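Participant: Quick one, fold the following:
(one chain, ligands or ions: 1)
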Amino acid sequence: MSDIPLILEPEQLASLLEHEEIRVIDLSSPQNYLAGHIPGALGLPFQALMAGTPPAPGKLPSIERLTQVMQAIGLTPDTRIVACDDEGGGWAGRLLWTLEVIGHTNYSYLNGGMTAWKNAGLPLTTEDATVTPSSITVSIADDAPMIDAEQIQQRLGQNDLQIWDARSPLEYSGERMVAMRGGHIPGAINCEWTQLMDPQRDLRIREDAKEFLAALGIDGSREIATHCQSHHRSAFTWLVGKSLGLPIKAYPGSWSEWGNLSDTPIES
Ligand SMILES: O=S(=O)([O-])[S-]
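Facilitator: Sure, this is the predicted structure:
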């Protein structure tokens, strides 16, 4: 299973579905999942992956809760997780980022998610998937791709960290306020997450993503920290950066933390 690419096309996944180690996890809305999913795919509500508590609901849940979630999806070290969703990769990215955080790098993303799967005319089922829970224990990897507010503050001005803000231009400028304070982290580059999806190719990752990002100044010459409001949109931008081989981490506290602290530096 080790030769399966990170970014998997629908036809490639279709040919792998019979393999025991493959586990497709669908983070589509519950309605969309129930209406039809990939045979054998298990539905996972995104809330399972978020702390969910104010002011920064996008932080990681407790390690106990993460362990329960990973056991419930039957994760073992040999399980190849393939994540998909119905929105172009935000929640699927959040699952894959979480797996990377716990050191489980055996995963793929279904490129274009359920949009691409359905438009390829591949089979759907409404039958519930059954999974035998595992007894895996989970811990945070030493090299987890995570950065916190304090670490970002320490590195501001050192010129070795590039902030990639995946929110909308209005959130970035501060005209749209969804925290106590509006604006962006000083020096952050704004590249809204959906710009990395190709609507002409069923929301697959755009083929020129590397050049597109480099033209904006996100070229991997510095370590990248990506964030949004609650590390949902930025889970997709993390995944895109990862798929391009860029040195990228995510800031799960995101703007819901940074913009609600009174002493963090802000540009608007
Ligand atoms: O986390 S979020 O910015 O998508 S609300």
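
Participant: just the helices in the stretch 1-150 of the chain please.
Facilitator: With helices called from DSSP state H, counting those that start in this stretch, the stretch 1-150 of the chain shows them at 10-14, 30-35, 63-72, 90-101, 113-119, 149-155.

Participant: For residue 107, find the nearest of these.
Facilitator: Residue 107 lies closest, by C-beta to C-beta, to one member of those: helix 90-101, at 5.2 Å. Every C-beta, even on glycine, is put in place using the N, C-alpha and C of the backbone.

Participant: Tell me how far the closest one lies from the chain's centre.
Facilitator: 4 Å (C-alpha atoms, centre = their mean, to the nearest Å).

Participant: buried set for it?
Facilitator: Buried residues in helix 90-101, defined by neighbour count with 16 or more other C-beta atoms under 10 Å: 90-101.

Participant: ok but residue 159 is inside a helix, no?
Facilitator: No. Residue 159 is assigned coil when assessed by DSSP: H, G, I helix; E, B strand; the rest coil, not a helix.

Participant: Quick check: chain neighbours aside, which residue is closest to it?
Facilitator: residue 222 (7.2 Å; C-beta to C-beta, 6 or more residues apart in numbering).

Participant: picking up where we left off before, pick the most buried one from the helices of the stretch 1-150 of the chain.
Facilitator: Neighbour counts (mean count of other C-beta atoms under 10 Å) averaged over each of these peak at helix 90-101, with a mean of 26.

Participant: how about low-confidence regions in the chain?
Facilitator: The model of the chain has pLDDT under 70 over residues 1-2.

Participant: Could you chop it up by domain?
Facilitator: 7-119, 149-258 (automatic domain parsing).

Participant: Any chance of the helices of the stretch 1-150 of the chain in JSON lines with distance to the ligand as columns?
Facilitator: Shown next, in JSON lines, are these (distance: least, C-beta to the nearest ligand atom, whole Å):
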{"stretch": "helix 10-14", "distance to the ligand": "25"}
{"stretch": "helix 30-35", "distance to the ligand": "18"}
{"stretch": "helix 63-72", "distance to the ligand": "18"}
{"stretch": "helix 90-101", "distance to the ligand": "6"}
{"stretch": "helix 113-119", "distance to the ligand": "16"}
{"stretch": "helix 149-155", "distance to the ligand": "16"}
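
Participant: For residue 170, which of these is the nearest?
Facilitator: helix 90-101 (18.5 Å).

Participant: any idea of the angle that closest one forms with helix 63-72?
Facilitator: On the basis of axes from the mean of the first three to the mean of the last three C-alpha atoms, to 10 degrees, helix 90-101 is oriented at 110 degrees to helix 63-72.

Participant: residues in contact with helix 90-101?
Facilitator: 25, 27-28, 44, 46, 49-50, 60, 66, 81, 83-85, 105-107, 109-110, 113, 140-141, 144-146, 193, 231-233, 235-239, 242, 250 (C-beta atoms under 8 Å, 6 or more residues apart in numbering).

Participant: Check these for burial and list the buried ones.
Facilitator: Using 16+ other C-beta under 10 Å, the buried ones in the contacts of helix 90-101 are 25, 27-28, 44, 46, 49-50, 60, 66, 81, 83-85, 106-107, 109-110, 113, 144-146, 193, 231-233, 235-239, 242, 250.

Participant: contacting residues for residue 61?
Facilitator: Counting by C-beta under 8 Å, 6+ apart, residue 61 has contacts 48-52, 69.

Participant: again, but for residue 15
Facilitator: Contact criterion C-beta under 8 Å, 6+ apart gives no residues in contact with residue 15.

Participant: Next up, phi/psi of it, please.
Facilitator: Backbone torsions of residue 15, given as degrees, to the nearest 10, read phi -80, psi -10.

Participant: ranges for the strands of this protein?
Facilitator: Assigned by DSSP state E, the strands in the chain fall at 7-8, 22-26, 42-43, 80-84, 107-110, 161-165, 189-190, 197-198, 204-205, 223-227, 248-250.
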